[in-house]
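Colleague: kindly generate the corresponding structure for this input.
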Amino acid sequence: MTPIRPPSFPRDLAEATAASGQAEAFRQGVLLALLAAAIAVAAPLRAEPDARPVPGPRHERPVGTPQAIGAVHTLRQIPEACTRLEGVFTGEPGQPYRMRAVPSAPNCQPRARYVAAAQAAPTQAGGWILDDLVRVPDAGCPSRQAAVQVWRKPGAAAPERDGQGQTRVYLDEARRRAATGGAGAPALPQFTAILELKGGSGCR
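Modeller: Got it, this is the predicted structure:
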């Protein structure tokens, strides 16, 4: 007959306590790992608004040739709007640089409109795209630059082409749109330009 071993309560209690401690340590380790993963995911999301780069122009040209005072020069051709942007260093303290938009050719048929910056007030939120950045130094003061931002706003979708691949506007339809103030006509793309004078604090 096998003798019955009396229970060893101290040893069983120690083993149970050790097993409970290991389970608690494992649970805490899992919680710490989940907390570290959550922090790692949340940190980039929290920093995203500040770390997001500001979009630059689609085309950024090299710095242009320095221009002398009074020398009128072309900044940018906008063939879609039949417009040329030209500028000049004036030598006047109140307005050292002047820019204007002039027609590029008398027979040009515009496919876009040029709008003055004050009227357009271009912003990315308003659907405008910073298309180009043109920089021209002052020959008499190279640290002074005229920086011109050219903005573009896409228009509506182009009309469908016919069987010959051509876009046609029929006379009757054009007259109808003209009589209704252009209602129903697709919106044309728009261009505008903003002038900013940089540097030249020590120039006369």
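Colleague: count of neighbours near the closest residue to D138 other than its chain neighbours?
Modeller: What sits nearest to D138 in space, not counting adjacent residues and going by C-beta to C-beta, 6 or more residues apart in numbering, is R144, at 4.2 Å. All C-beta atoms are positioned from the backbone trio N, CA, C, and that covers glycine. For R144, the neighbour count with other C-beta atoms under 10 Å is 21.
Colleague: swap in T123?
Modeller: 10.
Colleague: pretty sure it is in a strand, no?
Modeller: No - counting by DSSP: H, G, I helix; E, B strand; the rest coil, one finds T123 to be coil, located in no strand.
Colleague: quick one: the residue nearest to D138 from L133, how far?
Modeller: 16 Å (C-beta to C-beta, to the nearest Å).
Colleague: same check on G126?
Modeller: Using C-beta to C-beta, G126 is found at 19 Å from L133.
Colleague: what do you get for V88?
Modeller: Relative to L133, V88 is positioned 19 Å away (C-beta to C-beta).
Colleague: so which of G126 and L133 has more stuff around it?
Modeller: Between G126 and L133, counted using other C-beta under 10 Å, L133 has the larger neighbour count: 16 against 10.
Colleague: chain neighbours aside, what residue packs nearest to that one?
Modeller: Here the residue nearest L133, using C-beta to C-beta, 6+ apart, is P57, at 4.4 Å.
Colleague: what mean pLDDT does the lengthiest strand in the chain have?
Modeller: Counting residues, the longest strand found in the chain (DSSP state E) is strand 141-153. Strand 141-153 shows a mean pLDDT of 94.
Colleague: and it, what's buried?
Modeller: C141, R144, Q145, A146, A147, V148, Q149, V150, W151, R152, K153 (16 or more other C-beta atoms under 10 Å).
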